[in-house]
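Novice: just to be clear, the model below is a prediction. Sequence and coordinates:
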Amino acid sequence: MPHPDIALPRLLAHRGLSAHAPENTLAAVRAAHDAGCDWVELDVQLLGDGTPVIWHDATVLRCSDGRGRLAELDLPAARRLDVGAWFGDAFRGERIATLAEMLALIAELGMGLNLELKVNRGRSAAALVESALPKALDALPPERLIVSSFDDDALACAREIAPPSRLALGVLFEGMTRDWRARCEAVSAFGVHADWRRLSRRGAAAVKAEGYALLCYTPNDPAAFANRWGWGVDAAISDDPTCYTGHLP
């Protein structure tokens with residue numbers, strides 16, 4: 001089945017330009033844009049009140065001045081968190097971004113988005129998809145949106161909402177399991193998103209032979225990653241795409 005005509009860049013900024021700004025924030029996306037990145041990869045999940053926000057962890061401990069689980073917060077409580085000071089004083093006062101705010105910024109900047117549906121333990125895949133996906137589909141054209149997940153239920157729910165011609169889905173893998181083809185076929189996937197350290201030449205060749213786009217996360221050493229381009233990798237999702245200057249094939 002046809003997929004959106006996506007012109008994948010060689011590099012996507014992982015959680016925004018997360019080597020230089022606090023991850024998954026509006027500041028990180030602005031930094032990525034300023035650095036010349038055309039696409040960013042971001043995580044979305046729900047607060048306890050059902051608001052979709054851009055966040056990776058199940059808790060707020062690592063990337064804020066607070067404690068507790070994201071599922072226990074409503075939006076006013078989440079807004080009180082400083083999600084920038086942990087990274088550096090220049091980002092003090094940065095607030096958690098709602099999905100709506102992030103989509104508005106990405107649309108304004110004309111960027112592409114790989115939105116990862118982050119289904120942490122005990123959370124509902126269906127609730128996340130039903131809340132987040134329509135907003136993303138409304139905000140961005142098909143050629144500037146990829147939705148990915150490790151969670152098969154989330155991907156299945158997403159495919160029920162939008163056909164392959166409207167929505168490109170990426171199946172995330174830590175390692176290429178024996179059922180990788182079946183997982184991709186089940187949701188009419190656009191691409192495979194693989195851990196670059198666990199991807200083999202043989203696995204890459206199999207993915208490309210089936211016609212899937214091949215994206216790798218999260219290579220931050222251009223020299224160590226260099227041979228993967230020859231394996232047919234289409235794009236790298238890196239914390240610091242700027243380090244690849246002069247190192248792309």
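Specialist: Ah, there it is.
Novice: so what secondary structure elements neighbour the helix or strand where A204 lies?
Specialist: A204 belongs to helix 201-209 when assigned by DSSP states H and E. With contacts taken as 3 or more C-beta pairs under 8 Å, 6 or more residues apart in numbering; DSSP states H and E, helix 201-209 sits against strand 191-195, strand 213-217. In this view, the C-beta of every residue, glycine as well, is placed from N, C-alpha and C.
Novice: swap in 10 Å and give it another go.
Specialist: Here helix 201-209 touches helix 180-186, strand 191-195, strand 213-217, helix 222-230, going by 3 or more C-beta pairs under 10 Å, 6 or more residues apart in numbering; DSSP states H and E.
Novice: distance to D82, mean pLDDT and mean neighbour count for these - can I get that in JSON lines?
Specialist: Shown next, in JSON lines, are the helices and strands packed on helix 201-209 (distance: least, C-beta to C-beta, whole Å; pLDDT from 0 to 100; neighbours: other C-beta atoms under 10 Å):
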{"stretch": "helix 180-186", "distance to D82": "39", "mean pLDDT": "98", "mean neighbour count": "16"}
{"stretch": "strand 191-195", "distance to D82": "31", "mean pLDDT": "98", "mean neighbour count": "23"}
{"stretch": "strand 213-217", "distance to D82": "27", "mean pLDDT": "98", "mean neighbour count": "23"}
{"stretch": "helix 222-230", "distance to D82": "33", "mean pLDDT": "97", "mean neighbour count": "14"}
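Novice: which one of those lies closest to L145?
Specialist: strand 191-195 (12.5 Å; C-beta to C-beta).
Novice: that closest one pairs with which strands?
Specialist: strand 168-173 (parallel), strand 213-217 (parallel) (DSSP bridges).
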